[in-house]
Every structure is written in structure tokens, then in C-alpha cells.
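*Asks:* This is a predicted model, with the sequence first.
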Amino acid sequence: MSIFDYLQFVLAPQVVNGLTLGVALVLVTLGLTITFGLLDVLNMSHGEFYAVGAFCAIALGLLGIGFWASLVLVPLLMMPFAMFIERAMIRPVYSRADRHTTTLLVTFGLALVLEDALKLAFGPNPYRPENPLPGALSLGEMVLPTYRLFLIGAGSAVIAVVAWVVYRTRIGAMVRAAAFDRDMAASLGVPVGVVYACTFACGAMLAGLAGVLLAPVYSAFPTMGRDFITLAFSVVIVGGMGSIAGAVVAGLLLAQVSALTSLVIAPVWTEPIVFGVMVLFLMFRPKGLFGRIGHA
Amino acid sequence: MLDRQALELRASHVMTAGLVLVGTVFFVIALAMQDTFYLRLATEALIFAGLALSVDLLLGCTGLLSLGQALYFGAGAYVSALLLISGRSFWEALAGSALLVLLLSIVGGLIANRVRGVYFALITIALAQVGAKVVYNTRALGASDGLIGIPVVEISGFGFTTGSAPGFFVFTAAIILGLYALLSGLLNTPLGRILLALRANERRIPFLGFSVWRARMIAYVLAATLAGTSGALYPMLRGFVSPELLYFTTSGNALIAVIVGGVGTLTGALYGSLFVIVLKSLLSSYTTHSLMVIGALFIVLVLFLPQGFAGWLRPRLVAWMDRRQSQTGGTK
Amino acid sequence: MDIIDMLKVQSLHTYYGLSHILQGIDIDAVEGESIGIFGRNGAGKTTLLKTIAGWVRPSQGSLQWNGHALAEVAPDRVCRLGIGFIPEDRRIFPGLSVDENLHLGLMQARGISTADKKAAVDRMYKRFPKLAERRKQAGTTLSGGEQQMLAMARTIVARPRLLLIDEPTEGLAPMIVEDIFSLIGELKREGTTILLVEQNMAGALAATDRFYAIDRGRVILQGSSASNDDQQRLMEAIAV
Amino acid sequence: MKAASLTVRDLSRSFGGLRAVDRVSFTATAAKITTVIGPNGAGKSTLFNLISGALHPDQGTVALNDRDVTSMSPELLKCAGVSRSFQITNLFSDLTVGENLRIAAQFLEPARSMFLPIRKSTRALRKCSEVLNRFGLAAKAGVLAGALSHGEQRRLEVAMCLASNPGILMLDEPTQGMSHGDTAETAKMLKELSKEVTILLVEHDIGLVMSLSDHVVVMHQGRKLSEGSPAEVRANADVQAAYFGHH
Amino acid sequence: QTSPSTPIKIGVVTPLSGTYAGIGQTVRWGLELATAEINASGGVLGRKLELLLEDEEANPAVAVQKAEKLIQIAKVNLLTGTVNSGSTLAVGQLAERNNVLASTTVSYSDAITGDKCSPNLFRVNARAEQQAITLAAYVAKVKPKARVFYIGPDYEMGRSSVAAFKLYAEKAGLQSVGEFLAPIDSKDYTQYFGQLRAARPDVIYAAVAGNDTVRLLTQLQEFGLLRNVLVTGNAGVINSQNVVAVGTAGEGFISGNNYSPKIDTAENKRFVASYKAAYKADPDGFAADSYGLVYLYKQAVEKAGSTDTDKVRAALKDLSWMTPQGTKTLRGGDHQAIQDMVVVAVRKGEFDVVGKVPGAESIGPDACARF
Ligand SMILES: Nc1ncnc2c1ncn2[C@@H]1O[C@H](COP(=O)(O)OP(=O)(O)OP(=O)(O)O)[C@@H](O)[C@H]1O
Ligand SMILES: Nc1ncnc2c1ncn2[C@@H]1O[C@H](COP(=O)(O)OP(=O)(O)OP(=O)(O)O)[C@@H](O)[C@H]1O
Ligand SMILES: [Mg+2]
Ligand SMILES: [Mg+2]
């Protein structure tokens, strides 16, 4: 095709699509980043939390509760759920010496259970909530679906709020302290238990929110958790453990990388390439693009 | 007199001996009943026990959590499959895949050993993913369909083929026990103890005159070669290979097996994978939600029996042996 | 009038797993009193402080802190009851800057304006100028001595009413050692009740009113820090 | 391992703006005790880190009897006979005390013994039990290092350095957190050792420093303030001001 | 063994969990319905049929293990149910090595009855080539010389079906204007829409399945790429599992198919009725083919007079039998069922029949060299 066609049909839209995918990716990654960066919990079941969020919205939909309501309701529903998980599974192993691996293992088990539970509840087949904002606005040959624009907007807003809490308040430092040395932190008056629960819940709520926001675009099915999660992990790495800014940059970056590489090479190779990038980062810049939350 | 680790190892040997005993009984019964399925299922379990052993060497002894050990297992399987298809003999296939995986793991080790802790876990997962994708997308390797038509070959020197269920069972058991012996032997050498020390506190090692990097590298390559060798047996048993062998589920199952069996006990890896494989294959005949059961079981174990079966039994054995030792010591 | 005991420890027993560490300790302190606790390595001094601070649960015995029973109370509640603990191994939070470490000390301080908090922190910086120079540096990269200062500042900044201090002058240069003891003296004057574990007898005796000597988890001696023959007995009791 | 002399020339290292060690030079003569003192943050531990290969100097050299060992890796330096302890205890906390020492002593064995069964490493085992007794840790040999009291851990810390018969022993505040009795013990032992081992010490316990050292180096804000015999140093006015404080 | 009391066992190794669980379910239902009917009417050679189900998790390694269990322990005579071609091929090989019969009712990868064919492996559903020929013929009729754009998942099955359709489309005078192969489980297809838009196609051919279909079609709709374009694909693209989720984006989708509940024959009406009664859902191709398989086996066993593998294999050669889709004939050369194909259009969530192609025209050449 002509170079002009290429520009207007391929490159330009590609950038926009990369942006949507990027925001989606960051949304999913955000919660992971927080539980990882602040709590040192590598939550292998984060993807399933995301799925649970999506299916909550669908369940609410079946009860006649609309998209906009569930946008608020689902995170609220996620909170007690996450707090229960934290209380029952994370906290008991938290003071163990090898808590990194232990929490990773527990959440890995949880992932299996949740995924299967979703299948049990909703069956194996895909669902798709109706697109709450159908229609698209088109600039010349470029088509921008309304909902995707909304997604970019809403996503950015969520990200901004989270970033503000972590960076502009001292909460980040407090949680890090509690996570690193619960006794000492407690002796300085930090209510360790509450801190853990809230931080973990916060991560889960973000996952849930992501689920609600993305279901109309990517549809929902029990194994959807695996969808983003591997990518999300690479984002966490490349961005730097638990750095919000890092996650955002890395998310958008990787999304663009996979979007643009797919133009030049067979798309099946984009995922290996993304992982390659992640590996390179782990090798040469384990700190990631940015440092870590609450780190001097 | 024996130090703690040596005693623990001896306890592990006792447990392994128990396993061998059970295995023999099972074998005799199976022969008597002319069973092939359970023999071959047990063989498969043993093969995956090899993978679990390699995970345990990394996690239990060196403190490195590898979530991508399936990469080397699968690599071993594919190499031996290709060699067998191209008409090579059993031993050539076995040696060939062990060798190639060793080389591969040196490369992998150079990459993975730059990082620690969860970063290591993630890098191993990423490497395995890349490997799986490469296989999945490569026509020459059968791509998504995998490779079938791997011939049944004679295990020269033993006078039976890989197709003979009892023969191959005994043979595999021998190999896996050999690997177990190798590892437990290693743990009783200063090198092995350095690995244990690595897990405890890496920063001190160099100031005692030992190279952290070298120790980790040895552990990593050894583990990978172990995985590759056991992987090489898979296509001989099942006659095909498919990309699923490199997927996270494979690594995950091995990990579950190690946790269930007892991290760092070696014998636990054997118990664990026998248990998990058999459980899975029986469970999923009754429920389509075996995943949930396994996951729940796993969580419960990590929460309430974190040391796993062997890890729970071993201290009791050690105490008992301690008493016996002191008694005999007293009588002398 | 009769003086009320602020802190009352009665026949306290603490285990680590199977090993019986504290084997019936009795200690008490009145408001504003400062108490020295001495003993060989492994005597159980730290364990005693940890038990009071709520880090380890006593198996039996009673722990009273003006009216509250501490035995089953979690560390953060203990802290909010006005008890500060400075552990021997400093426990600086890695990855947190000096500033953040210091501000953590004020986390629990409720209903205090940010201005006051800032003032409190600045007071600490004035007291430990070395720390002021290092505000943004990662706490764990401080020198041993600096870490000790940070550890103390972090706890003192919240002005606890009872202060548990475990070997504060360990690894400090003589000058700083003096500072630390004078600081402890000051805190005492401000009315803080103090439990001080020290190996530096001379300094500790000077800074305290009374002392207890502990060995194998039991109080083997108590006396007044001022009296010479008590000091004499102390030396005999715990020196080799 | 034979005692060697250790010479440091113009050693410097800065962290960001801060010059933690600034052109420090001195010599620790063989089979003598050289002590580095100085206020907190003077750069003593950093100096130790530079010598023992934990950190690389920005400039300057370290030499063992004229052999240049600047920014050699810790394990190589160890082979050259340098053995150090840490100010902040640094043990294998979930291995037993005995195992901690045995690993330290393993250094006495030839490389191939790494791959042979433990019991073949007889020398290491002998050394291990010897050190255990010498430091009164024999009773705790089977206990996990992490379960030791602070002072006991400090003792183990020092013991591990001795387990490998070093030629040069670098101890960063060995008596820190030790009770009176143990401190005296340690002093006595160091004096013993100094007959065949070069000892480099960081200490704040002035009594100990004065009684023990053959040579004292005073550091202040990364620089060498002065050096000399204990007496000379004590007399030095700057040292008075910078370190001992107003007496 | 062959006394009337002992039932004839059929081993069903099918994904009841994992990605393909949905398909596994309809396969199971189809088989169970036929088995129930046959047993109700006296069974086969006076013996009852018995289905033994095993979950294969869409993983060949598991499939083989389970299949072996059924062969060794339960001594089944026939294995079926596998969905992804990897499992089908692996199980087929196992069947051959243990000399039992295996049949797929789902996998349509040409290799199975092509270069990887096996004397013990049969296929009763329509392979990619049959679907391609059918669809190509129809598209060439309704949109002569149309510009066709191909979309497929980048793995064996996807590639081969795109290749097959391309071949016959070009033969039929349609012109190819571009294609993209996306990885399966792609989240976002929008990154390819540029190429698609630039190619200005009249017809889109898609070979995706399951949830990928949902994403592809809804995203095409989002970006207004479905306007005055004919979207076509194979049988598996839109089926009873995902038709609801696809919603309006699937309206008017055309597939080269071998089944629709709307096929207007007495057999099919009866089948649909009893299927609906049993499972409260419309049957789809997988169900119909699985249902038909049981009747095929019944007929073959009765013809052979025993369940002995070699006898039954011989009986199956060129056997014709009745299915909801009408009469199918098993081609002796490659064990592929010849069957009348239909063109199906999705309208308001229903599968309407809009065209027919006789089996003889759609079967394509026999590429099996092994027997
Ligand atoms: N976590 C633990 N688990 C088991 N035993 C422990 C643990 N911590 C300390 N101990 C044991 O308890 C005893 C007392 O320890 P503690 O730390 O109270 O001594 P201490 O008086 O503070 O000595 P030091 O002056 O060296 O600090 C020691 O013998 C030690 O071995
Ligand atoms: N990694 C680092 N990054 C930044 N600054 C550092 C680092 N390590 C040490 N410093 C600074 O260098 C100075 C010297 O530290 P050092 O530990 O050598 O002091 P020291 O003489 O050992 O003091 P002490 O007697 O208290 O142990 C200190 O001010 C410390 O804050
Ligand atoms: Mg103590
Ligand atoms: Mg220091």
C-alpha cells in the first residue's frame, strides 16, 4: 500500500490503539504494583481478582444494575472480599522468614481456586456486557470509539488519584515500614494489621475496577485473568517494583512496543519480545525505570 | 558425630527407602495383575519427580524460587524426541538431551543469576514463557500440535524397550533414585553446605572466601540438567511431545509437588510429585473442578503445614535417630 | 502520701519455643524513675524489654502499666499507651530515608497539627545535627553510630511516658556516649520513666536511680545506683 | 596463614557529595595490633569495606607486603589471608552456630574437598570445635545462630573470622554489645593472637584501645586526623576535641 | 466378554475444564443423547452402550494419560471427544499403538486425515477443506470477484484453514487483498485494523474461535468496519457458546458449515427436539457430529458382528450412515466423512441455512498416504 495510506491507516491509529491498550494495561498493573511495591506480596491471583471484578459487574448486570452503578459498587464489593483473603491467607504467613515466596505460593493457589470458582458459577463460555457508550467519533479515516476515549480518560483519572495518595502522602513510607519490620513499625504506633489489610484491599479494588472498565471491550470469561497478568508482571518489572510512575510509563511503552512491532514482524513474536525486554531489564536494571515506592 | 544437616539427610534416606519399599510392593502387585496403566502412570509420576527434585534443589537448598523449570524439562523432552525420531538410540537421546540442556542452562544461568528473590522467580517465568512461545510458533518443532510418532526404542544393555511398562518403570525409578542420591550426596559436601548458607545469608559468603556466583551457577546448571534428563524420558514413555510441557502449569505442578512433599528435604519432592500426579489423574475423573481442589489443598498446606509432609515427618525421625545414636554411643 | 507504681512486673515467665528465658522476673518503677538493668550476654535483658513492648507474649505473670494489663496487648497498642521501645539492633527501615524514618515516629500521634509534628521533628534534628545533614540519605546506609541516633530520635520524637532502651550507647564514640547519657538524663528530668539496659556500667549507673541485675532470667540483685556498696555488689554479681 | 603487613595509600571513597573516606594512608605492621578510632561517621567501617573489597575505592591503593590488592574481590582477598568481621552482625541466622563456624573453617581445606563428603574435611572440623570451645559457644553449637542473644551473636561474628587462621584480622567493633567479662576475655585473646596475626581493629572502648593497641589511627570526617602510639594520640589536642570530647 | 450383559464401552476424553470446556460440554451432550436413545431401543448386538468420561483439560499430555487409562483399565473399544488437534493426534497415535479405534467429532485440522492420518483414527465432522470449498462456492456466487481479507489465529489450525479457504476462494475467482494472523487469545485486534481498512475488502474471512471471535467481531463493530462488509468464516467461529456474547456484531455472519439446527430434515427435527428437551439449549455442529458418531459406531459394530477393532475398522470402510445432517459416508482412503455441507447465516442469534453444497463436491482430495 502507498506510504500515505500507511501513515493514515496504520501508523496513526496504531498510536491511539497503543494508548488504549496501554491505559488498560496500567489499570490492571496498578493494583499489582501496589501490593508488590508496598507489601512485598507478589500477588499471583491478581489476574483472577481482575476477573472477579468483571464477573461481579456481569452478575450485577443480570440483577438489573447498570454499568455506571457497578463502576462504584464492584470496588466496594471487592473490599471485604480482599480483606478476608488478606486476613485468612496473607497475614498468617506474613511474618515468616521466606514470606516473599510463601505469599507468592499462597496467592498462586488462590488463583487456581478463583478461576475454577468463576467457571463453576458462570460456566466456561464468554460474556460481554453491553458497551455503555456505543458509537465512535471519526477524524478523517481515523475512528475513535467513544468508549475507548472514555477508558483513556477514566483510566488516567484513577492513575492520578493513586499516584497522589502514594507520593503526596506519607502512607507509602508507613506501609513499607510495616511491611519490612512489623514489630518495629508497630512499636512506633503503626497499626500494622490495618495497614496490611487496607493496602491489599486497595490493590484488589483497583483490579476489580479494571475488570469492570475493561469487560465491555475485552469481554469476560473465567480464564481472562491469565490474559493480562503475564504482561502486567513485565510492566511491574520494567517500571520498577511498585513505582506508580514506572508502571504508567512502562505500561504505555510496552503497549506501544507490542503494537508497533506487530506491524513489522509476525504478531506471535511480540509477546516473546515483550518478555525479552523484561528479561533485559531484570538483567541490567533490576530497579526498573524508576526506583521503588517510598524508597529514598 | 553427625551434625544437624547430615542427620536430616539420613532421615530423608529413611523416608526414601520407605518409598522404594512401597514402590517394590506396588510393582510386584502390578506385575501379578498384568497392569500396564498404573505402572506407566507411576513412571510418569517418577519422571515429573525428577523435575520436582530440580525445583527443590533450587528452592529448598539454594533458596532460589524457579517458576520456569519446565523450560529445561520441556527442552529435554523435545531434544530427545527429535533425536529418537531421527533414529538415534536410547542412550544417545538421553545423553544428547542432558548435554544440550546443560549448555542451554549455562546461558539461562548467566541471565538468571544476575538477580535475586522474586526477581529471579520472574526472570525464570519469563524465560520459560519465551521458550514455550518459540516452540509453539516453530513449524519444525510441530508448533502447537507438538510432535507425534516418536518410536519405541530398545534400551540397549537392558534387553527391554521403552514400551515395556514394567521394564521402563524400573529403569526410570533407577534413574530418579540415582539423581536423588546425587543431590543428597551433594548436600553432604561443603559445596552443598555453601548452597544452604547462600539461602541463609548471601552477603557473608564472599568474606568467607567463596564465590556466590559460582555456587549459584553450579546449583542452577545442575538443577536444569536434572530437569532435562527427566524430561528426556517423557517422550520415550508417551511417544509424543507438545508445547504444554513447557507451560507454566508444568512448572507450577512441580512446585506444588515440592511444597506438598516438603521443601528442602529432597525425598519430599519424590513423595510430593507421586502424590500430586496420582491425585490429579484420579480427581479429574470424578470432578471437572480438580483445579479448585488442588488449589485449595495447596493453600491449606502452605498455611498450616508449610514444611510439607516430609518436612513434618523428618524432625520426628531425626529426634528418634538422635535418641538411638546417643543410646548406642552410651553402650560403647 | 504513698507513691503509685507506674510499671509493675510480677513473676514474669517468657519462652522462646521450648527454651525458658524469663523465669519469674519482678520489677517495678514509679513515675519519673529511671531504672538500670544489667546482666551477662544471654541473661534475658532484651527478652524482658521485648515482653513489655509486646513483641513476645509472656507465658505467665502479670504486666501492669498504670492500670492497664499489658500481657496480651499488641505492640502498636502498647505504643499508644505511651511506651516507647528502642531495640538493641536499631531496626532502621531499609529503603526509607532518615526523614521518613523519623516521621514514622509521629504516625501514632493523633490530633497533632502538622506544624507541631514538624516542630517536633526539627527539635530532633537540632538535638542530632548529624542526622540533619543526612535527611534524604537511606537510613540503612548511615554509620553504626548515626543509625543508633536515628533509632533513638525516631522513638523519642513522640515523647513516650515510659521508655525502654536497649544498649543505646553500643558502638558509639565517647563523645556521643556522653550526649546519649545526658539526653537520657534530660528525658528523666522531663518526667519520662526509663528502663535502661546497658553494658556501660559507669554511664548507666550515673544516669539511673535504681538498678536490677538479671541472670538466667531471674533478678539476682537490686539496689540504688548511687550507693557505692550496691555498685560493688553489682560488679561481683555479674562480672566473671 | 603468615602475618603480613597491610599498607593503605591515599584511599578515598565518596557517596554522592559526601567524602566518607578521604585520602587515608597508614600501615598496619605485621603481627601488631593497629586500631582505627574516630567519631561516628568518621569513615572507619567504610575504610574496612574498601580494604576488604566490599566497596571499591575511587582512588588510592591497598597492599599486603607490597602486593597490590586494591579493589580485589572479597573472596580473593580472603585467599590472600584477609578476614573481617562486621559491625552490624552478619551471620547465617538459620544455620546452627556449629555450621556457621564450619563453613568459615572450610576455607582451610583444599578446593577439591568442596566436592567430597564433609567428614573428609577433618582440618576444618577440628578447627571448628576448637573455636567453639575457645569462644564458649560449644554449649550452643546446635542452636540456630538467629536464636542467639545479641552479645552471643557478636561473639560468633568474631569467632567466624578466626576460624580460617587469617594472616590479617580486621575486626569492626568486636566488643560492641559484649558484657564486661567477655570484653576482657576478647582483649586477652586478641593480645594472644597478635603474636602471629596482624590485627586491624575499630573500637570505641577507649580503655581497650589504650591497653591493647600498638598503633592507633584517628579518623575524623573521612580524613586521617593523626596517628601514633596510644599515648601520643591521647595527648593530641585535635583528637581530644574531635573524639574524646571535653575532659 | 461379549456376553450380552457386558456393555460396549466408549471412552470420551474431552476438555471439561480449561479453554475448550464449552465445546467439551456439547460434545458430551451429543454423545449422551445418542447413547441414551440407542440403549432405550435395545442397545447394540443386545449389549448396552456405556460412555466413560475423562477431562483432558485441552492438554495433550493429560489427554494421552486419560486415554490410556480408558484403554487399559476400562478396556474401551472406541475413543472420542478430543477438541484441539494436538490432543486428537496424540490420542490417535495412542489408539493405533494399542489397536483400538479413535474418532474426533470436532478437530478440523486437515492434517488429521491428511499427512498425519492413522488407520485407527476417523473423523466424522467436516474438515477445514470441506468448509472452505463450501464457503468459497457460496461467496463467489453472492459476491463475484469480491475483495477478500483473511484473519486467522496464528497456530496450526488457524493457518491451515486460512490457507485452505484462500486456495478455493482464488480458484473461485475471488481476489485476496490481505491477511493477518493474530496470536490466539489476542486482547486487542485493533492494531491490525489499519491494514484491514486500507485494503478496503468486501469480504472478511475469519478463522478465530471461542472468545477470540467475541473480541474480534465486537472490536470490528466498534471501529465501524462491519459496515457493508460480508463477514464469513468456518463452522467454529460463531456457535452456541459465544453467539450470545458476540451479540449484534455477529449479525449476518456466514459460515461454511456442516450443521444448523434449522436443517430441514425429519432426523434433524427429532434430534433438535430431544436435545432441547434434554439440555434446554439448541444443539450445534459439535453436538450433532458427536451424536452421529455413536450411530456410526452402532452400525459398524452390528455390521462387524463384534467390537473387535480390526473387524470394526473393516466394517467402517466406506460405510454410510444416517445423521441429523443426513447421510454421511466414511471415505476409506483417509477416514474422512463425506457429507452434505450447508452455508449458515447468523440472524438474530439463530443459525439460518442459506445454501447447500453436496458432499461429493465439497470433500476435496484424499491426501492420506499411510493406508
Ligand atoms: N528468637 C529466639 N529464639 C530462641 N532463643 C532465643 C531467641 N532470642 C534469644 N534467645 C535466647 O534467649 C536468651 C536471652 O536472650 P536475650 O537477647 O534476652 O539476652 P540479653 O540479656 O539481651 O543478652 P545480650 O546482652 O547479649 O543482648 C539467650 O540465651 C538467647 O540464646
Ligand atoms: N552506602 C552509603 N551511601 C551513602 N552514605 C554512606 C554509605 N555508607 C556510609 N555512608 C556515610 O559515610 C560516613 C562514614 O560511614 P562509616 O560507616 O564508615 O562510619 P563509621 O566510622 O564506621 O561510624 P561508626 O563508628 O558509627 O560505625 C557516614 O556518614 C555514612 O552516613
Ligand atoms: Mg540484649
Ligand atoms: Mg562503623
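*Replies:* Received the coordinates, thanks. Ligands and ions are numbered 1, 2, ... in the order given.
*Asks:* and the gap between C:Gly36 and C:Lys188?
*Replies:* 12 Å (CB to CB, to the nearest Å). The C-beta positions use only the backbone N, C-alpha and C, and glycine is treated the same way.
*Asks:* Which neighbours do the two have in common?
*Replies:* Taking CB atoms under 8 Å, 6 or more residues apart in numbering or on different chains as the criterion, C:Gly36 and C:Lys188 both touch C:Ala207.
*Asks:* These two: who's more crowded?
*Replies:* Neighbour totals were compared for C:Gly36 and C:Lys188, and C:Gly36 leads with 25 against 19 (other CB atoms under 10 Å in any protein chain shown).
*Asks:* what's across from the more buried one in the sheet?
*Replies:* The partner list for C:Gly36 in beta bridges (DSSP bridges) reads C:Leu196, C:Phe211.
*Asks:* how about the CA coordinates for the helix ranked longest in chain C, as CSV?
*Replies:* Across chain C, the helix with the greatest residue count (assigned by DSSP state H) is helix C:174-189. The C-alpha trace of helix C:174-189 is given here as CSV (Å, rounded to 0.1, in the frame of the first residue of the first chain):
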residue,chain,number,x,y,z
PRO,C,174,32.8,8.5,73.8
MET,C,175,31.5,12.0,72.9
ILE,C,176,28.2,10.7,71.6
VAL,C,177,28.0,8.3,74.6
GLU,C,178,28.1,11.3,76.8
ASP,C,179,25.4,13.0,74.7
ILE,C,180,23.2,9.9,74.9
PHE,C,181,23.5,9.7,78.7
SER,C,182,22.9,13.4,79.1
LEU,C,183,19.9,13.0,76.8
ILE,C,184,18.6,10.2,79.0
GLY,C,185,19.1,12.5,81.9
GLU,C,186,17.1,15.2,80.2
LEU,C,187,14.3,12.8,79.4
LYS,C,188,14.3,11.8,83.0
ARG,C,189,14.0,15.4,84.1
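*Asks:* That one and chain D in contact?
*Replies:* Yes. Applying CB under 8 Å from any CB of the partner chain, one finds helix C:174-189 in contact with chain D at C:174-178.
*Asks:* Report how many residues lie close to the residue in chain C positioned nearest to chain E.
*Replies:* Closest contact between chain C and chain E, by CB to the nearest CB, is at C:Gly95 (34.4 Å). Other residues lying near C:Gly95 total 20 when counted by other CB under 10 Å.
*Asks:* Pretty sure it sits against A:Arg176.
*Replies:* Yes. Counting by CB atoms under 8 Å, A:Arg176 is a contact partner of C:Gly95 at 6.2 Å.
*Asks:* close to chain C, is stretch D:194-201?
*Replies:* No. Contact check for stretch D:194-201 against chain C, using CB under 8 Å from any CB: none in range, with a minimum separation of 13.4 Å.
*Asks:* Okay, buried residues for that stretch please.
*Replies:* D:194, D:197-201 (16 or more other CB atoms under 10 Å in any protein chain shown).
*Asks:* Could you tell me the end-to-end distance of that stretch?
*Replies:* Using CA to CA, to the nearest Å, the gap from the first to the last residue of stretch D:194-201 comes to 11 Å.
*Asks:* How far off centre is the helix or strand encompassing B:Leu46?
*Replies:* Secondary structure assigned from DSSP states H and E places B:Leu46 in helix B:37-56. Here helix B:37-56 shows a centroid-to-chain-centroid distance of 8 Å under the convention CA atoms, centre = their mean, to the nearest Å.
*Asks:* Residue 105: which element?
*Replies:* I went with chain A, as the question did not name one. Secondary structure from DSSP H and E places A:Leu105 in helix A:99-122.
*Asks:* Oops, wrong one, chain D.
*Replies:* Secondary structure assigned from DSSP H and E places D:Ala105 in helix D:97-105.
*Asks:* The next helix or strand after that helix near chain C at all?
*Replies:* Moving toward the C-terminus from helix D:97-105, the first helix or strand encountered (DSSP H and E) is helix D:122-134. No. Legend: contact between helix D:122-134 and chain C by CB under 8 Å from any CB is lacking; minimum distance shown is 15.4 Å.
*Asks:* quick one: buried residues of helix D:122-134?
*Replies:* D:124-125, D:127-129, D:131-132.
*Asks:* chain center to it, what's the gap?
*Replies:* Using CA atoms, centre = their mean, the distance from the centre of helix D:122-134 to the centre of the chain it belongs to is 20 Å.
*Asks:* Kindly calculate the angle that it makes with helix D:97-105.
*Replies:* In this structure, helix D:122-134 runs at an angle of 130 degrees to helix D:97-105, with axes from the mean of the first three to the mean of the last three CA atoms, to 10 degrees as the basis.
*Asks:* for the record, mean pLDDT for helix D:122-134?
*Replies:* The average of the pLDDT scores along helix D:122-134 is 90.
*Asks:* just stretch A:236-256 next, same as before
*Replies:* Per-region confidence: stretch A:236-256 scores 82 on mean pLDDT.
*Asks:* low-confidence ranges in chain D?
*Replies:* D:1, D:245-247 (pLDDT under 70).
*Asks:* Quick one: name the residues of it near chain B.
*Replies:* Residues of chain D found near chain B (CB under 8 Å from any CB) are D:52-54, D:73-75, D:78-79, D:83-84, D:86, D:90-96, D:98-99, D:102-104, D:106-107, D:109, D:113-118, D:121, D:124, D:142, D:160, D:164.
*Asks:* mind listing the strands for the chain?
*Replies:* Answering for chain A, as no chain was given. For chain A, the strands defined by DSSP state E occupy A:136-139, A:142-145.
*Asks:* nope, chain D
*Replies:* Taking DSSP E to define them, one finds strands in chain D at D:6-15, D:18-28, D:33-37, D:59-64, D:67-68, D:82-84, D:168-172, D:198-202, D:215-220, D:223-228.
*Asks:* now check the helix holding B:Leu46, is it near chain A?
*Replies:* No. Applying CB under 8 Å from any CB, one finds helix B:37-56 out of contact with chain A, separated by at least 11.8 Å.
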